[in-house]
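From the sequence below, what's the structure:
(chains A and B, ligands or ions: 2)
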Amino acid sequence: MFENLTARFQETFRKLRGKGKLSEADVDEALREIRIALLEADVNFKVVRDFVSNVRERAVGQEVASSLTPGQQVIKIVSAELTRLMGGREAKIQHSPKPPTVIMVVGLQGSGKTTTVAKLGHLMKRQGRKPLLVAADTRRPAAIKQLQVLGEKIGIEVFATHEGDDAVQVASSGVARGKFLGCDMVLVDTAGRLHVDDELMAELGRMQKEILPQEVLLVVDAMTGQDAVNVASSFDERLELSGVVLTKLDGDARGGAALSTRAVTGKPIKFVGVGEKVDALEPFHPDRMASRILGMGDILSLIEKAEAGYDQTKAGELAEKLRTADFTLEDFQDQLEQMQKIGPLDEILSMIPGMARIKGVGDMKVDDGRLRQVGAIINSMTPEERKNPGIIGGSRRRRIAKGSGVRVQDVNVLLRQFDQVKGMLKQFGGSGKAQRRAMRKGIIPFMQ
Amino acid sequence: MNASERSEKLAQHNLHDKPKGLLAGLSQRLARTSASIVGQVQSLLRRRPTLDAEFFDELEAILLQADVGIKTTTRLLSGLSRNLKDGGQGRTVSGDDVLKVLKDEIVTVLGPPEPLGEAMESPTVIMVVGVNGTGKTTTVGKLCYRFRKSGSQVILGATDTFRAAAIDQLEIWGNRAGARVIRHEEGADPAAVAYDACQAAKARGADYVILDTAGRLHTHVNLMRELEKVKRVVEREIPGAPHEVLLALDATSGQNGLIQATTFKEAVEVSGIALTKLDGTAKGGVILAIRDSLGIPVKLIGIGEGIEDLRDFDPNEFADAVFQDLE
Ligand SMILES: Nc1nc2c(ncn2[C@@H]2O[C@H](COP(=O)(O)OP(=O)(O)O)[C@@H](O)[C@H]2O)c(=O)[nH]1
Ligand SMILES: [Mg+2]
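Ligands and ions are numbered 1, 2, ... in the order given. Got it, this is the predicted structure:
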């Protein structure tokens, strides 16, 4: 299917090659294909319409970069615009100044709420917090049990009463319980419901008034079609969502719902679910999502290749950070976590635009043990230390080694490697190719 | 006949064969599905009595928003304009004509209603498969209840040994419907559960075995292999089985539904679709593409979370319901 699309595009490119400025005809021709791509990705029809007309306005008359064809130039604009629309990287959870932070997780039936609650709890626990899970889905058969089983698996307490109990009451008791236990997070699982079910939507409204959550997260299945806009806007109208979690991205849905929900609610996608296991939760990356929705990985990397060496804005946010001094151990840790969760190396690489095309990448192996160790070391640092490794002197190193169960030498090695990598990156400065080489060699020292 | 007379007649007609409470629920729920389409088409017809390119653009918008998908939509619309040209020479074409043709096209694509597969000799084995959260377990519960109501003996197989508390969930449905659930512990081999369920059915002379399988994304190859293995065990234990492999498909799903159907069909020869959650606002239009390119018919629809919220899929009734206020 995508091959066809790519082929069609190349056809378009050929026709469009060799012009100085984007004419209306150039743009229309390319946008026709873009429109189809977006619709096939399940972006809502109206969202597509608005998007295409905005891009059209923006693109007509633009100068075509010397290394690109007009068609490529349009796609470049489209993918940048998609990324911008899906907005801010890694919107984090808002923590309450007065713990516990209360999070309500809501959504349609079967979207993945319960699993998401467990995953969030797991993540928080790993960040050193003390969460409580609250089983306020008192409707679906065995939903309570499901949360209890998951809670036990990840070693997090679950507050539950009985099937059929009043959900608002349960949520409210749950929050009280959380306070009593000294938890700093309370995650409330709610029953799945249709956005048109007035009675049940009103129940959520009452629950929100009662427990005053810092976050109300809407869970949306990445396979959702056109209806995503109705669902998201109804939930948002009723509850003023704080964000969205997009689930089941480990499938092959192109995930147009990400763009649709963002467009109608303006609320950020905070996390994505990429598997059934409790650690399969990741921060959201708008740029990856954009290229996934467009379904044009090939074309995008072609464009990137064409641009490598002179257009630095294109290389993505990570590269941006790598190049400047603000690549911190926190970003490093983030990368590590991604890797640990995603699994096979080739999959990770295929997500980094352009990476898959570099020779020799396929031969790299990840040393799992080393990876875990590095993760543990960084985990044992304070946020301050991660931001500013320069302050990590001898006694801090000893503390970190102890905290992560490694030898002080291991901490030393990691810090040295990190330093080297940063130095290298600075030195390489500009070219995308060099950055990637640096990344391959240095940043990922546990890859041989 | 105007719209309200028509829907009243439809309601009366249905009253003969369905209990009142159920019917009220059904039409109300389907009305939700159709309301926005109907509204859109109506206003469209009011605004544009003549058929021009813009008219077709708007029709296209309606179909696309029903998740029919760009390919099938384009195909339907080119069929439509061809039909109108052939039949409409010399006379004015009304919005009603257009709708009738479009509806006929849709019904033609969907084909005649098809019943669930049955064994010549009991037990009939039904496997319910699909991606996560589409409504497999609920559909198993509803189906079980339907069979029980007609006096059949049913064995349920808790083949979802993966998801937390999935077995308990099925057990609750089994209790509600009055059927025995064959279960192993969480994490057990699903094929072994299927084997035991088949054995139990044979030993007790049960009429139906329904296997509730774990949700799995079709992209996870090893999980698809696991499902194939369950099917092989069933084939081996009961000749001719499984008699029905139902793919539970969420009506809210978009174009990925077609890929799901393709992959599940390749793995376990899906013979029918249970289109769930039609009580929401999603239209489930992707079934047109599925029927069109894979030939898999929709056999059941889910219209709620209750045990009785299951219906046979009837393409005519469905198309009627979608456009009912327009004729
Ligand atoms: N509104 C509605 N909800 C449904 C329908 N069928 C299933 N559900 C709900 O969808 C959720 C997931 O269903 P479940 O049977 O557990 O899905 P499974 O993971 O595929 O087995 C549950 O909350 C069900 O109550 C339906 O036809 N309409
Ligand atoms: Mg299930």
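
Smallest distance to ligand 2 belongs to which residue of chain B?
Nearest to ligand 2 in chain B, going by C-beta to the ion, is residue B:137, at a distance of 3.4 Å. From N, CA and C alone the C-beta is placed, and that goes for glycine too.

So what's the residue count around that residue?
The number of residues packed around residue B:137, counting by other C-beta atoms under 10 Å in any protein chain shown, is 28.

and it, what is it in contact with?
Residues in contact with residue B:137, defined by C-beta atoms under 8 Å, 6 or more residues apart in numbering or on different chains, are B:160, B:166, B:169-170, B:173, B:212.

In strands only, show me these.
Among the contacts of residue B:137, the members falling in strands (DSSP state E) are residue B:212.

Turn the contacts of residue B:137 into CSV, columns for pLDDT and distance to residue B:283.
Below are the contacts of residue B:137 laid out as CSV (pLDDT from 0 to 100; distance: C-beta to C-beta, whole Å):
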residue, pLDDT, distance to residue B:283
B:160, 97, 28
B:166, 97, 29
B:169, 97, 28
B:170, 98, 29
B:173, 98, 27
B:212, 98, 27
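
quick one on the thing from earlier: following element in sequence after the helix or strand where the residue of chain B closest to ligand 2 lies, please.
Element membership for residue B:137, per DSSP states H and E: helix B:136-149. Following helix B:136-149 in sequence order, the next helix or strand is strand B:154-157 (DSSP H and E).

residues from chain A in reach of ligand 1?
A:109-110, A:140, A:192, A:194 (C-beta under 6 Å from any ligand atom).

Can you list the low-confidence ranges for the stretch 1-150 of chain B?
Counting by pLDDT under 70, the ranges of the stretch 1-150 of chain B that qualify are B:1-52, B:85-96.

For the contacts of residue B:137, work out which two are farthest apart.
For those, the farthest-apart pair by C-beta to C-beta is B:160 and B:173; their separation is 12.0 Å.

So residue 216: helix, strand or coil?
By default, I'm working from chain A. For residue A:216, the assignment made with DSSP: H, G, I helix; E, B strand; the rest coil gives strand.

wrong one, chain B
With three-state DSSP as the criterion, residue B:216 reads coil.

Tell me who's in contact with it.
Taking C-beta under 8 Å, 6+ apart as the test, what residue B:216 contacts is B:131-132, B:223-224, B:226-227.

before we move on, the earlier item: most surrounded residue in the contacts of residue B:137?
Within the contacts of residue B:137, neighbour counts (other C-beta under 10 Å) peak at residue B:212, which reaches 32 neighbours.

distance of it from residue B:190?
Residue B:212 sits at a distance of 10 Å from residue B:190 (criterion: C-beta to C-beta, to the nearest Å).

Kindly provide the distance from the most centrally placed residue in chain A to residue A:375.
The centroid of chain A falls nearest to residue A:284 when counting by C-alpha atoms, centre = their mean (1.3 Å). The gap separating residue A:284 from residue A:375 is 21 Å, by C-beta to C-beta.

Give me the nearest residue to residue B:235, chain neighbours excluded.
Closest residue in space to residue B:235, ignoring its immediate chain neighbours: residue B:241 at 6.2 Å, by C-beta to C-beta, 6 or more residues apart in numbering or on different chains.

Any residues of chain B in contact with ligand 2? List them.
B:136-137, B:160, B:166 (C-beta under 5 Å from the ion).

Mind putting the residues you listed into JSON lines with distance to residue A:262?
Putting those into JSON lines (distance: C-beta to C-beta, whole Å) gives the following:
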{"residue": "B:136", "distance to residue A:262": "30"}
{"residue": "B:137", "distance to residue A:262": "32"}
{"residue": "B:160", "distance to residue A:262": "33"}
{"residue": "B:166", "distance to residue A:262": "32"}
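
Intersect the residues you listed with the contacts of ligand 1.
Among these, proximity to ligand 1 is found for B:136-137 (C-beta under 6 Å from any ligand atom).

which residues does the closest residue in space to residue A:139 that isn't next to it in sequence contact?
Leaving aside its sequence neighbours, residue A:139 sits nearest to residue A:191 (C-beta to C-beta, 6+ apart; 4.1 Å). With contact taken as C-beta under 8 Å, 6+ apart, residue A:191 is in contact with A:136-140, A:143, A:167, A:200.

Select from those the one having the most neighbours.
That'd be residue A:136 among these, by other C-beta under 10 Å, with 33 neighbours.

For that residue, give its distance to residue B:137.
Relative to residue B:137, residue A:136 is positioned 20 Å away (C-beta to C-beta).

again, but for residue A:383
Distance, residue A:383 to residue B:137, using C-beta to C-beta: 43 Å.

The residue in chain A that ligand 1 sits nearest to: what secondary structure?
Closest to ligand 1 within chain A is residue A:109: 3.1 Å, counting by C-beta to the nearest ligand atom. Counting by three-state DSSP, the backbone at residue A:109 sits in coil.

from memory it sits against residue B:135, does it?
Yes - using C-beta atoms under 8 Å, residue A:109 is in contact with residue B:135, at 7.4 Å.

on that earlier part again, so who does the residue nearest to residue B:235 touch?
Residue B:241 neighbours (C-beta under 8 Å, 6+ apart): B:119, B:123-125, B:198, B:209, B:234-235.

Residue A:274: which of those is nearest?
Among these, and counting by C-beta to C-beta, the member closest to residue A:274 is residue B:234, at 31.4 Å.

Now the phi/psi pair for the closest one, please.
Backbone torsions of residue B:234, given as degrees, to the nearest 10, read phi -60, psi -40.

Following the least confident helix or strand in chain A by mean pLDDT in sequence, what is the next regular element?
Within chain A, confidence by mean pLDDT, DSSP states H and E is lowest for helix A:345-351 among all helices and strands, at a mean of 40. Per DSSP H and E, helix A:345-351 leads on to helix A:368-379 as the next helix or strand towards the C-terminus.

If you drop the residues flanking it in sequence, what lies closest to residue B:164?
Spatial nearest neighbour of residue B:164, chain neighbours left out: residue A:149 (3.8 Å); criterion: C-beta to C-beta, 6+ apart.

Return a ChimeraX selection command for the buried portion of the contacts of residue B:241.
ChimeraX command restricting those to the buried ones, with burial defined by 16 or more other C-beta atoms under 10 Å in any protein chain shown:
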select /B:119,123,124,125,198,209,234
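
Now, the contacts of residue B:241 that are in helices?
B:198, B:234-235 (DSSP state H).
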